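Student: predicted structure and sequence below. I'll ask about it afterward.
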Amino acid sequence: MPASAVSGQRATCAWRVVNKNRAGRTLDAVAAVSPSDAWAVGAKHLRAFGQPQALVEHWDGRSWTSSVLGRGHLTGIAARSADDVWAVGGSTDYVEERGSRPLIEHWNGHEWRRVKPPIASGGLYSVSMSARAGWAIGATPSRNRNTTHPVILHFAGGRWMKIRTSLGAGDVLSDVFATGANDAWVVGGHSAMVERGPTPALIEQ
């Protein structure tokens, strides 16, 4: 279709604000099962520079309701069904902070339950679930906390496992998408041999 024909058409839909005046709250990711079942995650800060509280918002088709899951900041969410939703993040805003621990939360249709991650420090940024498996990406801090190491987790057989990767210190993963148990893509930035200027893009499968 010619570009002129497309530009001359009037849009049949438009964005509208459905949730506002949420002072002190940040939302970082969203996932939906249906038009009446959607989730958004982020953090709620009770005071400036204070510890974040893991925030979950749920859309039932009419309105959003909020839940706080304790200390933390959730940055990724994936919904496979109404009773199978996964959210990931960290116990602090930044993985380099002392005491930062990765968070994995699971919604079983009735309640959110915290799942023990296979890594002890750092944080997770994004999660993607296929029909039978799942993937999550994040980072762990170095001992002196002046850099981070990328982390890839795989969910299979009912548990999360850390996967070996050839990525090095300073490399950063930012998102993941899974199409099957053994087929997933991650993207981020590659820091190897870069002293100045933009970080080269990174794509892994």
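Tutor: That came through, no problem. Quantities reported herein were computed from a predicted structural model and do not represent experimental measurements.
Student: need the residues that contact stretch 24-38.
Tutor: Residues from elsewhere that reach stretch 24-38 (C-beta atoms under 8 Å, 6 or more residues apart in numbering): 39-46, 55, 57-61, 73-79, 81-82, 85, 87, 126. (Each C-beta comes from the backbone N, C-alpha and C, glycine too.)
Student: swap the cut-off to 7 Å and go again
Tutor: Here stretch 24-38 makes contact (C-beta atoms under 7 Å, 6 or more residues apart in numbering) with 39-45, 55, 57, 59-61, 74-79, 81-82.
Student: with stretch 136-144 instead?
Tutor: 88, 95-96, 102, 119, 121-127, 148-153, 169, 172-173, 176, 186.
Student: which of those residues are buried? Put it as a ChimeraX command.
Tutor: Typed into ChimeraX, the next command selects the buried ones out of the contacts of stretch 136-144 (criterion: 16 or more other C-beta atoms under 10 Å):
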select :88,95,96,102,119,121,122,123,124,125,126,127,148,149,150,151,152,153,172,173,176,186
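Student: mind listing what the residue nearest the centre of the chain touches?
Tutor: What sits nearest the mean C-alpha location of the chain, by C-alpha atoms, centre = their mean, is residue 76, with 1.6 Å. The contact partners of residue 76, by C-beta under 7 Å, 6+ apart, come to 29, 87-89, 124-127.
Student: as CSV, these with secondary structure, distance to residue 67 and pLDDT would be great.
Tutor: Listed next are the contacts of residue 76 as CSV, based on DSSP: H, G, I helix; E, B strand; the rest coil; distance: C-beta to C-beta, whole Å; pLDDT from 0 to 100:
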residue, secondary structure, distance to residue 67, pLDDT
29, strand, 15, 93
87, strand, 11, 97
88, strand, 16, 96
89, strand, 14, 94
124, strand, 19, 94
125, strand, 21, 93
126, strand, 21, 94
127, strand, 18, 95
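Student: just those now: which is nearest residue 180?
Tutor: The nearest member of the contacts of residue 76 to residue 180, counting by C-beta to C-beta, is residue 127 at 15.5 Å.
Student: that closest one is in contact with residue 85, isn't it?
Tutor: No. Contact criterion C-beta atoms under 7 Å: residue 127 and residue 85 do not qualify, at 10.0 Å.
Student: pull up the overlap in contacts between these two.
Tutor: With contacts defined as C-beta under 7 Å, 6+ apart, the residues shared by residue 127 and residue 85 are residue 77.
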